[in-house]
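*Asks:* sequence and computational prediction follow.
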Amino acid sequence: MGKIIALANQKGGVGKTTTTINLAASLATLEKKVLVVDADPQANASSGLGVDIKQSECTIYECIINRANVQDAILDTEIDSLKVISSHINLVGAEIEMLNLPNREKILKEVLTPLKKEYDYILIDCSPSLGLITINALTAADSVIIPVQAEYFALEGISKLLNTIKIIKSKLNPALEIEGFLLTMYDSRLRQANQIYDEVKRHFQELVFNTVIQRNVKLSEAPSYGVPTILYDAESTGAKNHLALAKEIINRNK
């Protein structure tokens, strides 16, 4: 059975989508079957994996709201064992449309659970908010990766997210675990970055990944070509960091 991992942080700009795309590509390169579920209305994970969003007839929105067949929403990427379910701007209004639906927090779980026997890892890219779609993602997930930017305000938003995770564990998904805290946009030349790392490590100890994602220009260039960094420049620091992260996650889940 595969594992569903949500990537969540209600603070925007922490590298969540970048991590989703590149971790998925790295896991697929390591011969795992991977599905990315883009649950962010901005659809950056979709376009970053080469999906033309305007051409997508069936997206995660249709699966949630119209109960479309999820198999119709699965699209190919340039890596054979990496598939994606794209997002749609309509997802912005989906939270309101879902208010009257029965079991509204568990719709995504119903959509994705049958796919766990087809994939080793299903990664959900959450939007930077703690709305109903993100709650659905955390209810569907087995674990959550929390990307943390190596900057002064990094720990500010985490307590809110941890509180949400606690509520979801107690009411909707008792099995939800924290897969790990991931330090992103790390610049080892900055003393502050090292202080943040030490602080995160002190707070969360073994829940912090050993791998850090360093600041790397190739990571920001690759999405404009619609490919993960490993296909854009496999020798770049960004590609190597995410490959190391993928290996660390595989080892943790043995």
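*Replies:* Now that the structure is in, tell me what you want to look at. Residues are numbered from 1 along each chain as shown.
*Asks:* from here on, contacts and neighbour counts on C-alpha atoms
*Replies:* OK.
*Asks:* pLDDT score assigned to the closest residue to Lys169 other than its chain neighbours?
*Replies:* Using CA to CA, 6 or more residues apart in numbering and skipping residues adjacent in sequence, the residue nearest Lys169 is Leu176, 6.0 Å away. We note a pLDDT of 97 for Leu176 in this prediction.
*Asks:* and Leu176, its phi and psi?
*Replies:* Note on Leu176: its backbone torsions stand at phi -60, psi 130 [degrees, to the nearest 10].
*Asks:* from Leu138, how far off is it?
*Replies:* Noted for Leu176: a distance of 7 Å to Leu138, by CA to CA, to the nearest Å.
*Asks:* between those two, what contacts are shared?
*Replies:* Shared contacts of Leu176 and Leu138, defined by CA atoms under 8 Å, 6 or more residues apart in numbering, are found at 144, 165, 168.
*Asks:* hang on, the earlier thing: Leu176 and Leu138 - which one has more neighbours?
*Replies:* Leu138 (32 against 20; other CA atoms under 10 Å).
*Asks:* end to end, how far does stretch 208-218 reach?
*Replies:* Between the opening and closing residues of stretch 208-218 we find a distance of 24 Å, counting by CA to CA.
*Asks:* buried sites along that stretch?
*Replies:* Using 16 or more other CA atoms under 10 Å as the burial criterion, the residues of stretch 208-218 that qualify are 208-209, 211-216, 218.
*Asks:* what helices and strands are in contact with the host helix or strand of Asn163?
*Replies:* Asn163 is part of helix 158-171 when elements are defined by DSSP states H and E. Under the contact criterion of 3 or more CA pairs under 8 Å, 6 or more residues apart in numbering; DSSP states H and E, helix 158-171 touches helix 132-140.
*Asks:* now the helix it packs on: mean pLDDT?
*Replies:* Per-residue confidence for helix 132-140 averages out to 96 on the pLDDT scale.
*Asks:* please apply the same query to stretch 114-125.
*Replies:* pLDDT averaged over stretch 114-125 equals 97, rounded to a whole number.
*Asks:* how far off centre is it?
*Replies:* Going by CA atoms, centre = their mean, to the nearest Å, the spacing between the C-alpha centre of stretch 114-125 and its chain's C-alpha centre is 12 Å.
*Asks:* understood, closing this out.
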